[in-house]
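K.L.:
Attaching a predicted model along with its sequence, questions to come.
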Amino acid sequence: MLPKHLAMRKQLIQAALETDKTIISLDETVRGLFALAAKHVGEIQGIIWVNPERTTEEQPISWLRNGAPAEAHRQLSAYPTE
């Protein structure tokens with residue numbers, strides 16, 4: 001059985017896969033872990049991840065106002081892991 005914190009993170013990805021493939025979260029640590037996993041797990045590579053606190057880098061408000069499009073640079077597979 002997975003520890004509770006790992007199970008909750010897994011549920012986050014499962015929810016994204018079952019809905020609009022989008023995650024809005026402040027957790028950069030988990031984002032980095034999922035980005036690493038995305039290198040080996042094709043199913044999660046296209047998940048969009050936006051951090052609402054990264055207003056300069058990610059411009060989340062503008063993104064939302066434009067309909068939250070699935071832009072390639074927001075995908076887990078595009079997130080720098082090194």
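P.N.:
Right, received. Where do you want to start?

K.L.:
In this protein, which residue is most central in space?
P.N.:
Computing the C-alpha centroid of the chain and ranking residues by Cα atoms, centre = their mean puts W49 first, at 2.8 Å.

K.L.:
Wait, a strand at that one?
P.N.:
Yes: per DSSP: H, G, I helix; E, B strand; the rest coil, W49 lies within a strand segment.

K.L.:
mind checking which helix or strand the residue lying closest to it once chain neighbours are set aside is in?
P.N.:
Nearest residue to W49, sequence neighbours excluded (Cβ to Cβ, 6 or more residues apart in numbering): I23, at 4.9 Å. All C-beta spots, glycine's among them, are computed from the backbone N, C-alpha and C. Counting by DSSP states H and E, the element that carries I23 is strand 22-24.

K.L.:
unless I'm mixing things up, the residue nearest to the centre of the chain is touching S77, no?
P.N.:
No: with contact defined as Cβ atoms under 8 Å, W49 does not reach S77; the gap is 10.3 Å.

K.L.:
hey, what's in contact with both of these two?
P.N.:
A35 (Cβ atoms under 8 Å, 6 or more residues apart in numbering).
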